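**Q** what follows is a predicted protein model with its sequence.
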Amino acid sequence: MNRREFVKSTVFGTAALAIGKLRAEALAPGLRLHKKDTRLKPNLLFILADDLGWSQLGCYGSGFYETPNIDRLAGEGMKFTDAYAACPVCSPTRASIMTGRYPARLHLTDFIAGGTYPYEKLKQPKWQKYLPLEEITIAEVLKTAGYATASFGKWHLSIAKKPPESLPYNPDKQGFDESIVTYKPASNRDPESDAHNVEIITEKSLGFLEKNKDRPFFLYVTHNTIHGPVLGKKKLVEKYKNKPGTDLPQNNPVIAAMIEELDDSVGQLLNKLDELKIADNTIVVFFGDNGGLEKSAKQTPLRGGKANLYEGGIREPLIVRWPGVVQPDSICSEPVISVDFFPTFLRTLGLENKAKKPIDGVSLLPLLTQSGTLNREAIYWHYPHYHSSSIGPCGAVRKGDYKLLEWFDETICGPDNKFELYNLKQDIGEQNNLAKKMPRKTRELRELLTNWRNKVNAQMLTPNPNYDPQKAKKSKRLSLISFGMITID
């Protein structure tokens, strides 16, 4: 038995003693099971979209993108208006969902394997480029509780994207009984050929639901869409090209076609739950891993997009449906973040955290049951990286309505500290920087952010002795070309 097997056998051997049937007293005050529940343990269906913007759904205010099935889900559950990804890029957020731990604590702070920027002002830290097997995932915990587990779609937590290098860190090594791993397509892929694997992910998921309808399950449906390359089926693209509003910068007909395919997948899954008569005992979560790419579509009314810590890069749609527990058509405006899913699922099942590692999230059950608030001081972000589409490395904290951003290029190298402070309740578009007008609030949030980084042992950038502005600009352009964000003239 190797070290990893020993650690996990010890953890789960202890955890098994605490796992019993779900009882009402194990849940938040006032929570009661639905009368039709017979198996007691609720199923979990977690649907994760890739690069989906907060405002790109009908139920979040879009009059251009058509999402009737996701809108239906929101009408039957709770819609969170202030939900956040733990990072503005995918891999760290996915790690936070799996572990309940901030990316900064994991040292997994960029998409895997990240980019190299040898001539920028700061040197990036030597960060963790895969999810270690020693980390306890939510799938592993649920498996010990008797759940069938499956992950179908994008994973992006392995040491490499594709086999054979990826195999030792794929979902089947992290608690999933069944899995397929899909990847983004080549930019010249035929859009009519299920380029982003929406159909195969949906097909595998429907089969899993059918096979496991009589036992508790955790199904993680993790789509590649709407991540680039932006490819849509011709008939759908033409539909949106002829729709009013197609000329607005936030409305992209090709992305609209991709979102419609995503929405159709959600509809098929919801219909299958109804067909199998297990919808009443299934918690459905819909979420996104980071904001949309601003070069493809503006994130109006939010500022910025993927790879930066303005709201457009981190605020996400979050919908939770739980019949008999979550009030239909309810709205929650309390800030929540992706590290909260792990403890929420533990609390829901009456399980203890036996990982013997700190969990950063808090259970959302008081919000879902409308029985209380989270009483959390603040939520945090740490992105010590350059990105081809980003403004620069940054940290952020939100406390109440106020959010502070710290730009590391300036605060580490000087001569001026650069902080931005926004009141998100009054200024969701982050246009009115209050840092100089409210120095006391700026200092308060700055201290919170600094203390949190120390607490989680966050990695920081350091001054780069090889800094060369011209070479840095050229390096970033090459990265944009390699990621397909710009074309060579």
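**A** Thanks, I have the structure now. Numbering: from 1, shown residues only.
**Q** what's the first helix or strand after the host helix or strand of Lys455?
**A** For Lys455, the host element (DSSP states H and E) is helix 439-456. Sequence-wise, the next helix or strand downstream of helix 439-456 (DSSP H and E) is strand 462-463.
**Q** list of residues touching that following strand?
**A** Under the contact criterion CB atoms under 8 Å, 6 or more residues apart in numbering, strand 462-463 has outside partners Lys121, Leu122, Lys123, Pro125, Ile412, Cys413. C-beta here means a position set from N, CA and C on the backbone, and glycine is covered the same way.
**Q** quick check: mean pLDDT of that strand?
**A** In this model, strand 462-463 carries a mean pLDDT of 96.
**Q** pull up the pairing partners for it, direction included.
**A** strand 122-123 (antiparallel) (DSSP bridges).
**Q** distance from the following helix or strand past the partner strand to the middle of the chain?
**A** For strand 122-123, the following helix or strand on the C-terminal side (DSSP H and E) is helix 138-144. The chain centre lies 19 Å from the centre of helix 138-144; the measure is CA atoms, centre = their mean, to the nearest Å.
**Q** for helix 138-144, packing partners?
**A** Under the contact definition 3 or more CB pairs under 8 Å, 6 or more residues apart in numbering; DSSP states H and E, helix 138-144 sits against helix 3-18, helix 90-99, strand 148-153, strand 217-222, helix 341-348.
**Q** need the CA coordinates for that helix. PDB is fine.
**A** Taking Å, rounded to 0.1, in the frame of the first residue of the first chain, the C-alpha atoms of helix 138-144 are listed here in PDB:
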ATOM      1  CA  ILE A 138     -16.400  15.000  -3.000                       C
ATOM      2  CA  ALA A 139     -16.800  12.000  -5.200                       C
ATOM      3  CA  GLU A 140     -14.600   9.900  -2.900                       C
ATOM      4  CA  VAL A 141     -16.600  11.000   0.200                       C
ATOM      5  CA  LEU A 142     -19.900  10.200  -1.500                       C
ATOM      6  CA  LYS A 143     -18.700   6.900  -2.700                       C
ATOM      7  CA  THR A 144     -18.100   5.800   0.900                       C
END
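**Q** for it, which positions count as buried?
**A** In terms of neighbour count (16 or more other CB atoms under 10 Å), helix 138-144 has its buried residues at Ile138, Ala139, Glu140, Val141, Leu142, Lys143, Thr144.
**Q** likewise stretch 293-308?
**A** Buried residues in stretch 293-308, counted by 16+ other CB under 10 Å: 293-300, 302-308.
**Q** report the rounded mean pLDDT for stretch 417-424.
**A** Mean pLDDT, stretch 417-424: 94.
**Q** low-confidence ranges, the stretch 151-300 of the chain, go.
**A** Within the stretch 151-300 of the chain, no stretch has pLDDT under 70.
**Q** which stretches of it form helices?
**A** 198-211, 234-241, 253-275 (DSSP state H, counting those that start in this stretch).
**Q** return the most buried member of those.
**A** Neighbour counts (mean count of other CB atoms under 10 Å) averaged over each of these peak at helix 253-275, with a mean of 21.
**Q** quick check: angle from that helix to strand 217-222?
**A** Orientation of helix 253-275 against strand 217-222 (axes from the mean of the first three to the mean of the last three CA atoms, to 10 degrees) gives an angle of 170 degrees.
**Q** restricting to C-alpha, output stretch 395-405 in CSV.
**A** Extracted as CSV, the C-alpha positions of stretch 395-405 are listed here (Å, rounded to 0.1, in the frame of the first residue of the first chain):
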residue,chain,number,x,y,z
GLY,A,395,-6.0,39.4,-6.0
ALA,A,396,-9.5,40.3,-4.7
VAL,A,397,-11.8,40.2,-1.7
ARG,A,398,-15.5,40.8,-1.3
LYS,A,399,-17.0,41.7,2.0
GLY,A,400,-20.7,42.6,2.0
ASP,A,401,-21.3,45.0,-0.9
TYR,A,402,-17.7,46.0,-1.2
LYS,A,403,-15.0,44.4,-3.4
LEU,A,404,-11.3,45.3,-3.5
LEU,A,405,-8.9,44.4,-6.3
